[in-house]
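Trainee: pasting the sequence and the predicted coordinates here, then a few questions.
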Amino acid sequence: KRDTLPLCVVLLPTLMLTFVFGVYSVEDHGLIVEFLWIFSMYLEAVAMLPQYIYCYRDSDNTCPLVSSYVLTMGGYRMVFGLSW
């Protein structure tokens, strides 16, 4: 019920970012592998977004452990992004 974020909302912008901002070389023989690696890096950055939205909408959840876990993972992603 509360999980209403369509998958295409996450995948399509990530795919467009990969095409636009991905750095590809002509000499690289593994273009598909390089494209998939860049796509996975961008997708990893937004993968927690559906869980944030779900935790925000799930007012019936009385366990603070779930929200704490999601917020901790978000903090980890933020620190990872700053160090990258």
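Mentor: Great, that's in hand.
Trainee: so where's the protein shaky on pLDDT?
Mentor: 1-3, 84 (pLDDT under 70).
Trainee: next one: phi and psi at the residue of the chain most remote from its centre?
Mentor: For the chain, the largest distance from the centre (C-alpha atoms, centre = their mean) belongs to Glu27, which lies 29.1 Å off. Backbone torsions for Glu27, taken as degrees, to the nearest 10, come to phi -70, psi -10.
Trainee: again with Asp60
Mentor: phi -80, psi -10.
Trainee: how near is it to Val66?
Mentor: The gap separating Asp60 from Val66 is 11 Å, by C-beta to C-beta, to the nearest Å. C-beta: built from backbone N, CA, C; applies to glycine.
Trainee: please apply the same query to Glu34.
Mentor: Applying C-beta to C-beta to Glu34 and Val66 gives a distance of 36 Å.
Trainee: picking that back up, which ones are touching the residue farthest from the centre of the chain?
Mentor: By C-beta atoms under 8 Å, 6 or more residues apart in numbering, Glu27 lies in contact with nothing.
Trainee: same check on Ala45?
Mentor: Per C-beta under 8 Å, 6+ apart, neighbours of Ala45: 77, 81.
Trainee: please enumerate residues in contact with the longest helix belonging to the chain?
Mentor: Assignment by DSSP state H gives helix 64-83 as the longest helix of the chain. The contact list for helix 64-83 (C-beta under 8 Å, 6+ apart) reads 44-45, 48, 51-52, 55, 61.
Trainee: got it, and stretch 6-21?
Mentor: 35, 38-39, 42-43, 46-47, 49-50.
Trainee: do that again at 7 Å, thanks
Mentor: 35, 38-39, 42-43, 46, 49-50 (C-beta atoms under 7 Å, 6 or more residues apart in numbering).
Trainee: tally of neighbours for the residue lying closest to Val46 once chain neighbours are set aside?
Mentor: Leaving aside its sequence neighbours, Val46 sits nearest to Val10 (C-beta to C-beta, 6 or more residues apart in numbering; 5.8 Å). A total of 15 residues lie near Val10 under the criterion other C-beta atoms under 10 Å.
Trainee: and if you look at Cys8?
Mentor: With other C-beta under 10 Å as criterion, Cys8 counts 9.
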